[in-house]
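**Student:** Have a look; sequence and predicted model below, questions after that.
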Amino acid sequence: MTLEIRGEVFSPVPLERIVLMELKMAKRRKYSKGSQNEVKREMHRYKRGTAKSGKGGKVKSRKQAIAIALSKARKKGKKAPKKK
């Protein structure tokens with residue numbers, strides 16, 4: 001069975017296949033696994049109190065720890081969000 005619209009012939013795609021394609025698009029990773037691991041490691045250091053900022057000072061907030069981790073990930077060439 002085919003579908004004709006404005007002279008073009010289309011073959012119908014099963015609904016299940018469309019749903020699967022949409023699920024794959026929804027689950028696509030925005031940032032790399034490597035950058036995720038970098039944040040995980042930095043948060044571990046932050047919680048233990050061993051995380052250091054660029055000048056060697058102690059990291060005082062979660063946001064600061066995440067920013068440092070993403071910066072390190074970018075330097076390593078991982079897929080990470082752009083600096084704002």
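**Tutor:** Received, thanks. Remember, predicted model here, so these are calculated numbers, not experimental data. Numbering: from 1, shown residues only.
**Student:** Tell me which helix or strand the residue nearest to Gly54 when sequence neighbours are not counted sits in.
**Tutor:** Nearest residue to Gly54 in three dimensions, chain neighbours excluded: Ile68, at 7.9 Å (Cβ to Cβ, 6 or more residues apart in numbering). C-betas here are computed from N, CA, C, even on glycine. Applying DSSP states H and E as the criterion places Ile68 in helix 62-75.
**Student:** What helices and strands are in contact with that helix?
**Tutor:** Applying 3 or more Cβ pairs under 8 Å, 6 or more residues apart in numbering; DSSP states H and E, one finds that helix 62-75 makes contact with helix 33-48.
**Student:** Give me the buried stretch members for the helix it packs on, please.
**Tutor:** The neighbour-count check on helix 33-48 (16 or more other Cβ atoms under 10 Å) flags Ser35, Gln36, Glu38, Val39, Glu42, Met43, Tyr46 as buried.
**Student:** now do stretch 61-71
**Tutor:** For stretch 61-71, by 16+ other Cβ under 10 Å, it's Gln64, Ala65, Ile66, Ala67, Ile68, Ala69, Leu70.
**Student:** quick one: average pLDDT of it?
**Tutor:** Throughout stretch 61-71, pLDDT has a mean value of 92.
**Student:** One more: stretch 24-35?
**Tutor:** In this model, stretch 24-35 has a mean pLDDT of 79.
**Student:** any residues touching that stretch, and which ones?
**Tutor:** Ala69, Leu70, Ala73, Arg74, Lys76, Lys78, Lys79, Ala80, Pro81 (Cβ atoms under 8 Å, 6 or more residues apart in numbering).
**Student:** Hmm, the last one is touching Leu70, no?
**Tutor:** Yes. In terms of Cβ atoms under 8 Å, Pro81 counts as a neighbour of Leu70; the distance is 6.5 Å.
**Student:** okay, now the nearest residue to Arg45 once chain neighbours are set aside: neighbour count?
**Tutor:** Distances taken as Cβ to Cβ, 6+ apart place Ala51 nearest to Arg45, at 4.0 Å, with adjacent residues excluded. For Ala51, the neighbour count with other Cβ atoms under 10 Å is 20.
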